[in-house]
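1. Provided below for reference: sequence and predicted model.
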Amino acid sequence: MVELLAPGGNMAMVRAVLDAGADAVYVGPRGWSRRAAAFEMDDDTLKACIAYVHARGKKIRAAFNTLPAGREIPLFSEELGRLVEWGIDGVILTDIGCIAAARRAFPDLPIHASVGCNIVNGADYAFYRELGVTQIVADCKLPFEELKAIKEAGVGVEVLIHATTCFTYIGQCWMSSFTRQVREIDARGKDHFRGSPNRGGVCYRLCLLPWQLGLVGRVVADGVVLRNDAFFLVDEIPDYIRLGVDTLKIQGREYSPGLIGAIVAFYRELVDAYLADPAGWRPQVWHERLRSLRQRRDAERGARTAELQGEGLGQRCTA
């Protein structure tokens, strides 16, 4: 049975997505998961969240999708050890050194290679399989033929059915860092790198501001806005299910609990309707239901983007 995986930026969101029918939830340890601190969890909250999710009969994973400095690897191992002790069901990792360290320390722990690994071809699949990864979060732009190749290679497949397509490969954009990179080292020694999502901070979405497009010495176009489109997949989901995709993943740890609950409920009903009657399933019905949900999401995302841009542009870059 295909798994529906939903985001948990806080306890209210975790409750909302489980109530809406998610099979599993993923959360972010503070400073390790490419989100503002308000949408990550400290250790006390993580421990309580793991217990709560298990009491509901569901699964929970932790996302460590930043690129730590060498001196932070022991901190990563300590944090991972605490989560394993508390019963975490798996981890989502980006850094290959962290993947290797996690596999050595916890041979039975399910490890998912994050979308930030930018896995795009057969050589990548083989490398991560040999490294000990059990499931790959497919890049948003990966064609169906490549997903099929991942399954044939014997690796689990996780696809994003709702997300925002980043302008660059995730984890390889440093635009936000040029505006603000403030080093904030906590009591344990973790550097939170405000302004650098790759290192533990938050992205200020500066790519979404109007830009000038130019050649040397002259402006070609003014007010250019880079695309950063959201997608809600509908038509493709039957193909994913027939292929044997293991997990359908929804992004949105910065959404309100009400919005993410509605998105999860939409996909829960869609998947269940298809599984109950594949021959009678009609995508147009779901496209019609999606219109108001898309508008609600765009309004909430737009407000959050303006907030982040204002914070980023209002700060001086600090080394």
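-> Structure received.
2. mind listing the strands for this structure?
-> Along the chain, counting by DSSP state E, strands occupy 3-7, 24-27, 59-64, 90-93, 111-113, 135-137, 156-164, 211-215, 218-224, 230-232, 247-250.
3. could you redo those as a markdown table and give each row distance to residue 33, mean neighbour count and mean pLDDT?
-> Heads up, the C-betas are built off the backbone N, CA and C, glycines and all. Output for the strands of the chain, formatted as a markdown table (distance: least, Cβ to Cβ, whole Å; neighbours: other Cβ atoms under 10 Å; pLDDT from 0 to 100):
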| stretch | distance to residue 33 | mean neighbour count | mean pLDDT |
| --- | --- | --- | --- |
| strand 3-7 | 10 | 24 | 98 |
| strand 24-27 | 8 | 26 | 98 |
| strand 59-64 | 5 | 24 | 97 |
| strand 90-93 | 9 | 24 | 97 |
| strand 111-113 | 13 | 26 | 96 |
| strand 135-137 | 13 | 25 | 93 |
| strand 156-164 | 15 | 22 | 91 |
| strand 211-215 | 28 | 11 | 79 |
| strand 218-224 | 31 | 9 | 79 |
| strand 230-232 | 20 | 15 | 89 |
| strand 247-250 | 14 | 23 | 97 |
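4. Next, format those as CSV and append distance to residue 119.
-> Converted to CSV, those look like this (distance: least, Cβ to Cβ, whole Å):
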stretch, distance to residue 119
strand 3-7, 17
strand 24-27, 18
strand 59-64, 16
strand 90-93, 12
strand 111-113, 6
strand 135-137, 5
strand 156-164, 10
strand 211-215, 29
strand 218-224, 30
strand 230-232, 19
strand 247-250, 14
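5. So which of these is nearest residue 120?
-> strand 135-137 (10.6 Å; Cβ to Cβ).
6. Paired strands for that closest one, with orientation please.
-> According to DSSP bridges, strand 135-137 forms sheet pairs with strand 111-113 (parallel), strand 156-164 (parallel).
7. For residue 225, which non-adjacent residue is closest in space?
-> Spatial nearest neighbour of residue 225, excluding adjacent residues (Cβ to Cβ, 6 or more residues apart in numbering): residue 210 at 5.7 Å.
8. Check residue 39 too.
-> Spatial nearest neighbour of residue 39, excluding adjacent residues (Cβ to Cβ, 6+ apart): residue 9 at 3.6 Å.
9. hey, which helix or strand in this structure has the poorest pLDDT?
-> Taking mean pLDDT, DSSP states H and E as the measure, the chain has helix 175-179 as its least confident helix or strand, at a mean of 71.
10. Check which residues of that helix are buried.
-> Within helix 175-179, the residues that qualify as buried are 176-177, 179, counting by 16 or more other Cβ atoms under 10 Å.
11. residues touching the closest residue to residue 68 other than its chain neighbours, list them.
-> Leaving aside its chain neighbours, residue 68 sits nearest to residue 76 (5.6 Å; criterion: Cβ to Cβ, 6+ apart). Residue 76 is in contact with 32, 64, 68, 98, 101, counting by Cβ atoms under 8 Å, 6 or more residues apart in numbering.
12. Which residue, neighbours along the chain excluded, lies closest to the first one?
-> With sequence-adjacent residues excluded and distances taken as Cβ to Cβ, 6+ apart, residue 32 is closest to residue 64, at 4.6 Å.
13. I'd like the distance between the one you found and residue 279.
-> According to Cβ to Cβ, to the nearest Å, residue 64 and residue 279 sit 42 Å apart.
14. picking up where we left off before, what does the model give the residue nearest to residue 39 for pLDDT?
-> With respect to pLDDT, residue 9 has a value of 93.
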